[in-house]
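>>> can you look at this prediction? I've put the sequence above it.
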Amino acid sequence: MSLGTPNAVLAAKLHILFAEIRAQSNQLRDLSDQQAANEVTGWPVVQEINKAAAEIAQQNDYLQRSLTRYQREGSGRQAIVRWGRSIDKNSLRYLGIVRALCTQKSAPPVLLDEVTAFLTGPTIPIQRHVVIDADIDLGEPLEVAGWRLWRPTRKDLDPILPLPSIAAYAPSTKWDPLLYDGSCSMLSRIDENASPREHNSLFPAFLMDEMLGPDLNIAAWQPLLLLNLFSDDPVNIASEYEVEAERYMEMIKGERLTTTFLGNPDDEHEVVSFGPFWASGKKLTILLRFLRLLSDHLAIWPPHGEAKHPKKHPFYRLQQSAQRLLSLNPYIGQNGDIVFQRRSGEIVLWCVAALEHLMTTPGEKDGDLTRRVAQRTAVLVGHDDNGRLQAEKLVRKAYGVRSILAHGGNPSDNHATAALASEMRKVLRRSIMRRIILGPDIDITESCDSALLSMHERESIIEAPIKRFRILLEDGPAPAQ
């Protein structure tokens, strides 16, 4: 590497920066983290580092950002293109560089390479990790709908922290500390659509997520859907992390886990507090088999090649219904009971909307929609005549609640509406699961309408695939753990 190349210049300037921080460590230690970062950012060598880093980042085609600034004179605007990341007060605090160099006797040998990669790339795959609020006694990782379901430990999590050689000196722990317990379940995969980005200390992504309300764009919706189809107990997202290994990390959804105490007063111990969903022993064996079987069914749903009207494909209507179901989970407790009764009418409304997406096709006329959705749902989920009649009556009642809300009213009986909301969620769950098993190639409207009039059609088109799935679930080989 020539001494005049940008890489050599950057390495030399970073060495100077590290040495200068250590030389002034006595003064910097007396300052707060923010004051120390402000002090270091003003040094001339930092500007030289950023200039060399931007040139290398551009060569690497890494983290291009277009900024628009107003010119000082006139009303025009000027577009500024920047490449890579910078050494500034934000990144210095985020990474803990000043604190680490002021504390350690010497800089770790790998720190230079870690900081260089943070600033200049090249681009690497972005990881997405979704922590779920469920107690699943997993032994080995399991592939679920394209995601890895596993229980990470400290040795899995620490190596991908930003600048792992000095991660202990960062102002705050990047991972939720309770994840180190080893009892937490996580869904992970490479996010091919994500791009590297900068850390934003003013508006963390998880705060923006809270401000935006119920999430209808859930990245891990497919594995979460399958987990939520297994039982009435909801499986929620506890938190979600976006990770550029060894460079960048941010919690973009949710909040940290909590703990509870178990045992008697003489032998109390603290454990991670999970939601109502749990699986171990025989229940875990059935769950793993269920996830494997339904993952295979779901895998054939996405459209292949260039669809003429992709948003009209059944997969996207299934996705919309699934997202609605998952968005209800914060209001759902054990056995599918409604936790906040005042939200019951809203839950009924969402369930009706999800069923309409699932049980109709694009271009269908709106006339007599209540009858069509109610009857098709009844045919799809009813085990026998009585079950179908009950399902049809339930959906009609839900449409009645929707009508009241649409005209500005409120249901008169909150307790009855809560019971209706709980039952509608169960109907929606069964409808989605059965729809997945039937597959994307059948016309759900035509099939259910035919099955309404013909017992043979119902048995061959709907009941036969469901029975095959149930037999495999009950009698199939136990999934390897």
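Received the coordinates, thanks. Predicted model only: the values in this text are computed from it and were never measured.

>>> how about Leu318, what does it touch?
301, 357-358, 432, 435-436, 440 (CB atoms under 8 Å, 6 or more residues apart in numbering). In this view, the C-beta of every residue, glycine as well, is placed from N, C-alpha and C.

>>> do you know the pLDDT at it?
pLDDT, Leu318: 95.

>>> and what of Lys311?
Confidence score, pLDDT, at Lys311: 69.

>>> please apply the same query to Asn329.
The predicted local confidence for Asn329 is 93.

>>> cool, and Glu270?
Looking at Glu270, its pLDDT reads 83.

>>> surely it touches Thr258?
No. The pair Glu270 / Thr258 is not scored as a contact, 10.3 Å apart, by CB atoms under 8 Å.

>>> residues near Cys448, how many?
A total of 24 residues lie near Cys448 under the criterion other CB atoms under 10 Å.

>>> wait, Ser295
Residues near Ser295, counting by other CB under 10 Å, number 19.

>>> quick one: residues in contact with stretch 150-164.
Here stretch 150-164 has contacts from 94-97, 111, 114-115, 118, 127, 136, 138, 141-142, 167, 170, 174-175, 179-180, 182-186, 188, 243, 245-249, using CB under 8 Å, 6+ apart.

>>> restrict stretch 248-257 to CA atoms and write it as PDB.
Provided in PDB are the C-alpha atoms of stretch 248-257 (Å, rounded to 0.1, in the frame of the first residue of the first chain):
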ATOM      1  CA  TYR A 248     -23.600  -0.400  13.100                       C
ATOM      2  CA  MET A 249     -26.500  -1.600  15.200                       C
ATOM      3  CA  GLU A 250     -29.900  -0.100  16.300                       C
ATOM      4  CA  MET A 251     -33.000  -1.300  18.000                       C
ATOM      5  CA  ILE A 252     -35.600  -0.200  15.500                       C
ATOM      6  CA  LYS A 253     -38.800  -1.600  17.100                       C
ATOM      7  CA  GLY A 254     -40.100  -2.500  20.600                       C
ATOM      8  CA  GLU A 255     -38.500  -2.200  23.900                       C
ATOM      9  CA  ARG A 256     -36.300  -4.100  26.300                       C
ATOM     10  CA  LEU A 257     -37.400  -7.300  28.000                       C
END
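
>>> return the set of buried residues in that stretch.
Applying a neighbour-count criterion of 16 or more other CB atoms under 10 Å, one finds 248-254, 257 buried in stretch 248-257.

>>> returning to what we had before: among the contacts of stretch 150-164, name the ones in strands.
If you go by DSSP state E, those have 127, 136, 142, 185-186, 188, 243, 248-249 in strands.

>>> which of these lies closest to Lys89?
Closest approach between the ones in strands among the contacts of stretch 150-164 and Lys89, by CB to CB: Tyr248, at 16.8 Å.

>>> so what's the closest one up against?
Taking CB under 8 Å, 6+ apart, one finds 118, 162, 196-199, 242 in contact with Tyr248.

>>> alpha carbons only: can I get stretch 140-158 in CSV?
Provided in CSV are the C-alpha atoms of stretch 140-158 (Å, rounded to 0.1, in the frame of the first residue of the first chain):
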residue,chain,number,x,y,z
GLU,A,140,-31.1,-26.5,18.0
PRO,A,141,-32.0,-23.6,15.6
LEU,A,142,-35.0,-24.2,13.3
GLU,A,143,-35.7,-22.7,9.8
VAL,A,144,-39.1,-21.2,9.8
ALA,A,145,-40.5,-19.5,6.6
GLY,A,146,-37.0,-18.3,5.6
TRP,A,147,-36.0,-17.1,9.1
ARG,A,148,-33.8,-18.8,11.7
LEU,A,149,-35.6,-19.4,15.0
TRP,A,150,-32.9,-19.8,17.7
ARG,A,151,-31.8,-18.9,21.2
PRO,A,152,-28.7,-16.8,21.0
THR,A,153,-26.1,-16.5,23.8
ARG,A,154,-23.4,-13.9,24.6
LYS,A,155,-20.9,-15.7,22.3
ASP,A,156,-23.3,-15.3,19.4
LEU,A,157,-24.2,-11.7,20.1
ASP,A,158,-21.0,-9.9,21.2
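
>>> done for today, thanks.
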